[in-house]
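In: Structure here, sequence nowhere to be found:
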């Protein structure tokens, strides 16, 4: 069976970037994608999300980014990704649901159903979308209203004339409130006070600085946090109306959920029709468990000297869409770093073999 130079798992933004740079370096590889069509997680996002809302993400190397207009992001981004795959003739195989990655005497085996691919190195680009995090609170199972996580958000019109509780302190919660408050009543709760910032991430310098802050955690082997957890939140022009209506008046977390609302420790109760859990995601890396990459701190420690994508425990493995590059503002740069990490590892392997 052919042993490839590398295998990329996932064909989202980071995976496509990695494949592009691997090809430029002349490295034999394939990209295994679990989706049936191009677009990564973008094809699964809600219809109301437009290109204007996505901060210029979906940038790919040697390509013009999609226009920031009112087109649906779950259509525009997949179309641009599909065009990119064809233009650069990237070696993508789909749908392939990778179940595990194992080591066979120094060769990495990537398992999917009855198929096995072999490679000297691996770039994991599976992101977080398939692992939504839903915290548990006492009584949540007794709530008779509707509950949604970000991954299943049906769009703002669905909630018209309903009192919506938005839970979470990230960018998604801010966007949801911005769309919901002008058309219905909302209540916002977070575990900690939000950290607001005045500027945005419009410049490359600002984006790189934001990603660098998250890199510090994964360099220590700590579980990764989101970019906004260390950089703070910013309101856009389209969220100003919601702000004027009081959407961003934050309340502390409730302690229990009841049939028709939530209650705080001091006894205060708020009636709620729907709960929107904007509580984030966790890395989709269960298939890497056989390689035992996690540190004693619970995360996968990445090598900052190698630009922050290589596993310290196993340099054959690069991770993009993990930690700092889980944010779209770091995914493109991570793909290039990962490809270079693969090349370094192959060069070292060749020298040892010689």
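Out: Yes, it's here. As the structure is a computational prediction, the values presented were derived from the model and not from experiment.
In: Stretch 160-179: which residues count as buried?
Out: Neighbour counts over stretch 160-179 (16 or more other Cβ atoms under 10 Å) mark 162-179 as buried. Any C-beta I mention is one placed from the backbone N, CA and C, and that applies to glycine too.
In: wait, I meant stretch 193-200
Out: When burial is assessed from 16+ other Cβ under 10 Å, stretch 193-200 yields the following buried residues: residue 194.
In: What of stretch 150-158?
Out: 150-151, 153, 156, 158.
In: Can you measure across stretch 52-64, start residue to end residue?
Out: End-to-end distance for stretch 52-64, by Cα to Cα, to the nearest Å: 16 Å.
In: actually stretch 85-105, sorry about that
Out: With Cα to Cα, one end of stretch 85-105 sits 33 Å from the other.
In: same question, stretch 241-248
Out: Stretch 241-248 has an end-to-end distance of 11 Å (Cα to Cα).
In: can you check stretch 29-49 too?
Out: 33 Å.
In: did I read that right, residue 86 in a helix?
Out: Yes - assignment of residue 86 by DSSP: H, G, I helix; E, B strand; the rest coil places it within a helix.
In: Show the contacting residues for it.
Out: Counting by Cβ atoms under 8 Å, 6 or more residues apart in numbering, residue 86 makes contact with nothing.
In: in the stretch 151-300 of the chain, which spans are strands?
Out: Ranges of strands in the stretch 151-300 of the chain, per DSSP state E, counting those that start in this stretch, are 164-167, 186-190, 250-252, 256-258, 261-263, 269-271, 274-277.
In: Can you tell me which of those strands is nearest to residue 34?
Out: Closest of the strands of the stretch 151-300 of the chain to residue 34 is strand 274-277, at 23.5 Å (criterion: Cβ to Cβ).
In: Please enumerate residues in contact with that closest one?
Out: 134-135, 143, 145-150, 153, 159, 162-168, 176, 257, 262.
In: any idea how far residue 16 is from residue 331?
Out: Separation of residue 16 from residue 331 (Cβ to Cβ, to the nearest Å) stands at 9 Å.
In: Residue 241 too?
Out: With distances taken as Cβ to Cβ, residue 241 is found 31 Å from residue 331.
In: next one: residue 14
Out: Applying Cβ to Cβ to residue 14 and residue 331 gives a distance of 4 Å.
In: Neighbour count for these two, which is higher?
Out: Neighbour count, other Cβ atoms under 10 Å: between residue 14 and residue 331, residue 14 has more, with 32 against 28.
In: Now do the helix or strand harbouring the more buried one: distance to the chain's middle.
Out: For residue 14, the host element (DSSP states H and E) is helix 13-24. The chain centroid and the centroid of helix 13-24 are separated by 17 Å, computed with Cα atoms, centre = their mean, to the nearest Å.
In: ok, the helix or strand just after it: who's next to it in the sheet?
Out: Next helix or strand after helix 13-24 toward the C-terminus (DSSP H and E): strand 29-32. Strand 29-32 sits in its sheet next to strand 3-9 (parallel), strand 92-93 (parallel), going by DSSP bridges.
In: What residues are bridge-paired with residue 29?
Out: As for beta bridges, residue 29 partners with residue 6 under DSSP bridges.
In: That should have said residue 256, apologies.
Out: If you apply DSSP bridges, the partners that residue 256 bridges to are residue 263.
In: and it, how many neighbours?
Out: 15.
In: The stretch 251-354 of the chain: helices as residue ranges?
Out: 328-353 (DSSP state H, counting those that start in this stretch).
In: The helix holding residue 14: which residues count as buried?
Out: Neighbour count says helix 13-24 has 13-23 buried, by 16+ other Cβ under 10 Å.
In: Show residues contacting that helix.
Out: Outside helix 13-24, the residues touching it (Cβ under 8 Å, 6+ apart) are 5-6, 8-9, 11, 29, 31, 33, 40, 57-62, 81, 84-85, 88-92, 123, 125, 127, 318, 320-321, 325, 328, 331-332, 334-336, 338-340, 342.
In: what's the distance between residue 54 and residue 132?
Out: Residue 54 sits 19 Å away from residue 132, going by Cβ to Cβ.
In: Just say which of the strands of the stretch 151-300 of the chain is most tucked in.
Out: A comparison of the strands of the stretch 151-300 of the chain by mean neighbour count, using mean count of other Cβ atoms under 10 Å, puts strand 164-167 on top with a mean of 24.
In: now residue 321, nearest residue through space, not along the chain?
Out: Taking Cβ to Cβ, 6 or more residues apart in numbering, and ignoring the residues beside it in sequence, residue 321 has residue 127 as its nearest neighbour in space, at 4.0 Å.
In: Help me confirm that that neighbour comes into contact with residue 40.
Out: Yes - contact criterion Cβ atoms under 8 Å: residue 127 and residue 40 qualify, at 7.1 Å.
In: okay, among the buried residues of stretch 150-158, which ones form the most distant pair?
Out: Greatest spacing in the buried residues of stretch 150-158, by Cβ to Cβ: 151 and 156 (16.3 Å).
In: so residue 269 sits right up against residue 263, yeah?
Out: Yes - the criterion here is Cβ under 8 Å, and residue 269 meets it with residue 263 at 4.8 Å.
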